[in-house]
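Enquirer: Let's see this in three dimensions:
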Amino acid sequence: MPSSPTTAPAWTKAAWFKPAAIAVGAIIVLGLLVLLARWLRSTEAVSQFIATYPGHAALPADTPTGLPLWLNWSHFFNVFFIVLIVRSGIQVRYTTRPQGYWKRNNKGLIKTKGQPKKISLDLWFHLTLDALWVLNGLIYVILLFSTGQWKRIVPTGWDVFPHALSVVIQYASLDWPLENGWVNYNALQLLAYFVTVFIAAPLAVLTGLRMSGAWPAKAPRLNNAYPIEAARAMHFPIAIYFVAFVVVHVFLVLTTGALRNLNHMFASNDGEGWLGFGFFAAAIVVIVAAWFLARPLFLRPIASLMGSVTRN
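Expert: Alright, predicted model coming up:
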């Protein structure tokens, strides 16, 4: 008896159809946005608006020029920790059977009342990275304000908003604004950096702290004012924001003068040489290696230095 022809499972077709439809829809929307932006730029009003607000808001007269070496190092550690925080956060969120557990020994300088709680090795790694990221951020903010570099990423006038709108139109039209990040970020960059440093980062810390074991459990008024459900609802979207920010940031760095931008970010100079690219490549190697080495086999010995590690 001849066998009936086989067909692909319905769920397979459906699984391919949805992301394909989303991708096609996104391309169509982007295409329409480009056409709209180019049409707007052809009008006299928008053309005059861009001429008046080319994209770079005025900075205070004493704003420092260039990026210091300490900022290069802080930038590297920030990227390093964020990548691993996202990786460990995904593991904490979706792993149902952890490959190890960690419990603090309640010895040394920091002690708590009662029996220390056992947490998954993934959560220990996530919290450790969080602490290091916060430490790096505190050092960054202190140096930012003590050296005057804050003036480059904090709006000091209302003109930043029309300049930012001008940059959006220029980017959307694929006729991008002139970049000179060594002296002055464009207004959209400035606002993005401000939101990331002074809004998204503190919210990530506050929501993560609310969800951690360090938050006081016996504080009914505080817990009612700031319920854990609110922290959980915000924490994951904030992580998505950081991922989106990094993706867009890297894309623009590589498409608006890669060598010069990488020298700004990794070599503290405004040249067109390959030094910044070399440091960038080394940083990528270190981050990729850390990504693959962040496994229980390598995490257990490090975690055991801070507490006891068990398999269950």
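Enquirer: List the residues that contact residue 239.
Expert: For residue 239, the contact set (C-beta atoms under 8 Å, 6 or more residues apart in numbering) comprises 85-86, 89, 204. The way it works is simple: take the backbone N, C-alpha and C, and place the C-beta from them, glycine included.
Enquirer: Show me which pair in those residues is furthest apart.
Expert: Maximum pairwise distance in those, criterion C-beta to C-beta, is 11.0 Å, between 86 and 204.
Enquirer: quick one, which of these two is more surrounded?
Expert: When residue 86 and residue 204 are compared for neighbours, residue 204 comes out ahead with 23 against 17, by other C-beta atoms under 10 Å.
Enquirer: where exactly do the strands run in the stretch 51-200 of the chain?
Expert: In the stretch 51-200 of the chain, the segments counted as strands under DSSP state E, counting those that start in this stretch are 101-104, 118-120.
Enquirer: Can you add mean neighbour count, distance to residue 138 and mean pLDDT and give those back as a markdown table?
Expert: Output for these, formatted as a markdown table (neighbours: other C-beta atoms under 10 Å; distance: least, C-beta to C-beta, whole Å; pLDDT from 0 to 100):
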| stretch | mean neighbour count | distance to residue 138 | mean pLDDT |
| --- | --- | --- | --- |
| strand 101-104 | 20 | 23 | 86 |
| strand 118-120 | 17 | 24 | 86 |
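Enquirer: Can you lay out the ones you listed as CSV showing distance to residue 244?
Expert: Converted to CSV, the strands of the stretch 51-200 of the chain look like this (distance: least, C-beta to C-beta, whole Å):
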stretch, distance to residue 244
strand 101-104, 31
strand 118-120, 27
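Enquirer: Between these, which one is closest to residue 311.
Expert: The nearest among the strands of the stretch 51-200 of the chain, by C-beta to C-beta, is strand 101-104 at 7.4 Å.
Enquirer: Return every residue with contacts to both of residue 86 and residue 204.
Expert: 239, 242.
Enquirer: I'd like the average pLDDT over stretch 251-271.
Expert: Stretch 251-271 shows a mean pLDDT of 93.
Enquirer: what does stretch 138-147 give?
Expert: In this model, stretch 138-147 has a mean pLDDT of 96.
Enquirer: same question, stretch 175-187
Expert: The average pLDDT within stretch 175-187 is 89.
Enquirer: where do the helices sit along this protein?
Expert: Under the criterion DSSP state H, the chain contains helices at 10-42, 44-52, 69-94, 121-146, 160-172, 187-195, 201-211, 220-225, 228-255, 258-266, 275-293, 296-303.
Enquirer: so how far is residue 195 from the residue nearest the centre of the chain?
Expert: Residue closest to the average C-alpha location in the chain (C-alpha atoms, centre = their mean): residue 242, at 2.9 Å. Computed as C-beta to C-beta, to the nearest Å, the residue 242 to residue 195 distance reads 11 Å.
Enquirer: residue ranges with poor pLDDT in the protein?
Expert: Scanning the chain for pLDDT under 70 picks out 1-15, 106-115.
Enquirer: Go through stretch 266-278 and flag the buried ones.
Expert: For stretch 266-278, the neighbour count (16 or more other C-beta atoms under 10 Å) marks 266-269, 276-277 as buried.
Enquirer: Please apply the same query to stretch 30-40.
Expert: Buried residues in stretch 30-40, defined by neighbour count with 16+ other C-beta under 10 Å: 37, 40.
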